[in-house]
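S.K.: Would you be able to build a 3D model of this:
(one chain, ligands or ions: 2)
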Amino acid sequence: MQDTFILALDQGTTSSRAILFNRSGDMVASAQKEFRQIYPQAGWVEHDPMEIWAGQVGVAAEALARAGVPGSRIAAIGITNQRETTVVWDRETGQPVYNAIVWQDRRTAGFCDDIRARGLADTIRNKTGLLVDAYFSGTKVRWILDNVPGARERAQAGKLAFGTIDSWLIWQLTHGEVHVTDVSNASRTMLYNIHTLQWDDELLDILGIPASMLPQVKSSSEVYGHTHAAHLGVAIPIAGVAGDQQAALFGQQCTTPGMVKNTYGTGCFMMMNTGDKPVPSHNKLLTTIAWQVGDKVQYALEGSIFIGGSVVKWLRDGLGIIKQSSDVGPLAAQVADSDGVYLVPAFAGLGAPHWNAEARGTLVGMTQGTSAAHIARAALDSIAFQTMDVLGAMQADSGITIAELRVDGGASVNNVLMQFQSDILGTAVARPKITETTALGAAYLAGLAVGYWQSTDDIQGQWQLDTRFTPQQSADAVARYVAGWHRATRAAIAWAGDQQ
Ligand SMILES: Nc1ncnc2c1ncn2[C@@H]1O[C@H](COP(=O)(O)OP(=O)(O)O)[C@@H](O)[C@H]1O
Ligand SMILES: O=P(O)(O)OC[C@H](O)CO
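M.R.: Ligands and ions are numbered 1, 2, ... in the order given. Alright, predicted model coming up:
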């Protein structure tokens, strides 16, 4: 009998990917497509849900074609997605009523201020594990209901559906038969109680969202439904769903409490597995659901950094000092260090552990001798420093000092960055051979649900080290770098707060 595969659909912020994995967890084929980023106003970010759907199903077919594998040899599909991004659509027509409002979109920041002013932050934090912020889906849904003509009335009449991108894709794949999400995605909506594992009526009331719009919340590893044969030739079970950062935690096999991964993509997202207990944060991290497999729910602490690898894009597209992202490593390596230059990429405020919406990008410490190489170096350093701040908060919250940081994502290929990361953390940084851990995690969740892998023991040995970076700098040098970074961060915050 011919072997079968698991197909992972990884719907990210800037591109949709489809990757085929075999039983050993190796990538067999993949396809990827970028899609439009829509910026209707400063601080607003939208995607076209139909373009996302068409692109995602297109790359799925392309990956199968590249491998020469028909749909009948796909044992299951796993879905992982950019989280929080919000779609509202008409149940009858399947048409979105508005573009997807992306996690990066800040349009509801003012409403979040109102919620805080009403003294509701603690209630929300206690129930959802989240801080009140425009980042999460809840206020985005409300914005659509308030601003799209007739939407609120249609929602109240049960005619509209809300979903994060996982729900949207499953709805499309099943031709409107299945409206579900998983616990990890639900935990990012600001509407879901992570303790009772239910949509929360009080939160729905605060945000004015009818419960009839919401998807049913399922575990992260079970058969939710089957794809309509129109898409990949046959009906394939959709059997795994997790938000992309949670999927990466699973793909990195950080399945025991205290294990941590950091993903260096557009943003940087660090997660620590905290086991079956939600650990509250006193340092402005998020408490969130990692996944549910069977009836076992695992929790995580998370630190979200909004500008990570995208600072390298800014060097390319904004400053024009590199032609392509991969030029940044060689340019930065021309200098031993940034020579006192610090870049705080607070282009859209600062995420964890500051959560300061007003802070703005700041470049300090330049002299006549400052070159493009120093700025490139400072840009890479900023990714590592932000990660350091988040890990510090995470270790304080959990009481755990980690032995190693597992890394993945587009910018983790950068050796200059990874070495500096290890230096300033004073901790080993371990990069696996497969850095597509997000897709792999979704594949594992789907494969476990259909018995492709019998248990987590089956996949335990599949994580393979590519490079381990260990600290090389003296404690004095590290202390100097870190002190400069903190000063620069204070400057970024002070600059914003000093408007006369
Ligand atoms: N060699 C490199 N060094 C540093 N950053 C890089 C490098 N190559 C790509 N990047 C950055 O990695 C990011 C893309 O990573 P990826 O994991 O694909 O992101 P996402 O899933 O958020 O779309 C981009 O922001 C890009 O600037
Ligand atoms: O699509 P990514 O990899 O940038 O991840 C986005 C996050 O899920 C947002 O919370």
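S.K.: Up against ligand 1, what does the stretch 301-450 of the chain have?
M.R.: Taking C-beta under 6 Å from any ligand atom as the test, the list of the stretch 301-450 of the chain residues beside ligand 1 reads 309-310, 312-313, 325-326, 328-329, 409-411, 413-414. C-beta coordinates here come from the backbone N, C-alpha and C atoms, glycine included.
S.K.: make it 5 Å
M.R.: By C-beta under 5 Å from any ligand atom, the residues of the stretch 301-450 of the chain that approach ligand 1 are G309, S310, V312, K313, S325, S326, V328, G409, G410, A411, N414.
S.K.: top strand in this structure by residue count?
M.R.: If you go by DSSP state E, the chain has its longest strand at strand 296-305.
S.K.: Is that strand positioned near ligand 2?
M.R.: No. For a cut-off given as C-beta under 5 Å from any ligand atom, strand 296-305 has no contacts with ligand 2; the smallest distance is 6.1 Å.
S.K.: helices and strands around the next helix or strand after that strand, which ones?
M.R.: Remark: after strand 296-305, the chain's next helix or strand is helix 310-313, criterion DSSP states H and E. Applying 3 or more C-beta pairs under 8 Å, 6 or more residues apart in numbering; DSSP states H and E, one finds that helix 310-313 makes contact with helix 372-398.
S.K.: Repeat the analysis, applying 6 Å as the threshold.
M.R.: Using 3 or more C-beta pairs under 6 Å, 6 or more residues apart in numbering; DSSP states H and E, no helix or strand is in contact with helix 310-313.
S.K.: and the angle from the longest strand of the chain to helix 372-398?
M.R.: Orientation check (axes from the mean of the first three to the mean of the last three C-alpha atoms, to 10 degrees): strand 296-305 against helix 372-398 gives 140 degrees.
S.K.: Mind checking the pLDDT average for strand 296-305?
M.R.: Mean pLDDT, strand 296-305: 95.
S.K.: Pull the residues that contact that strand.
M.R.: Outside strand 296-305, the residues that touch it by C-beta atoms under 6 Å, 6 or more residues apart in numbering are 267-274, 278-279, 285-286, 288-291, 351-352, 386, 390, 394, 397.
S.K.: Check stretch 220-232 too.
M.R.: The contact list for stretch 220-232 (C-beta under 6 Å, 6+ apart) reads 57, 71, 173-175, 178, 180, 182, 184, 218, 235-242, 291-293, 445, 448-449.
S.K.: and what of stretch 118-132?
M.R.: 112, 115-116, 136, 190, 193-194, 200, 278, 286-288, 355.
S.K.: May I see the buried residues of stretch 169-182?
M.R.: L169, I170, W171, Q172, L173, T174, V178, H179, V180, T181, D182 (16 or more other C-beta atoms under 10 Å).
S.K.: Please report how far the closest residue to ligand 1 within the stretch 351-500 of the chain lies from T13.
M.R.: For the stretch 351-500 of the chain and ligand 1, the shortest gap (C-beta to the nearest ligand atom) falls at G410, measuring 2.0 Å. Here the distance between G410 and T13 works out to 11 Å (C-beta to C-beta, to the nearest Å).
S.K.: backbone phi and psi for the residue of the stretch 351-500 of the chain closest to ligand 1, please?
M.R.: Note on G410: backbone dihedrals following degrees, to the nearest 10 are phi -50, psi -40.
S.K.: hang on, it packs against V312?
M.R.: No. In this structure G410 lies outside contact range of V312 using C-beta atoms under 6 Å: 8.7 Å.
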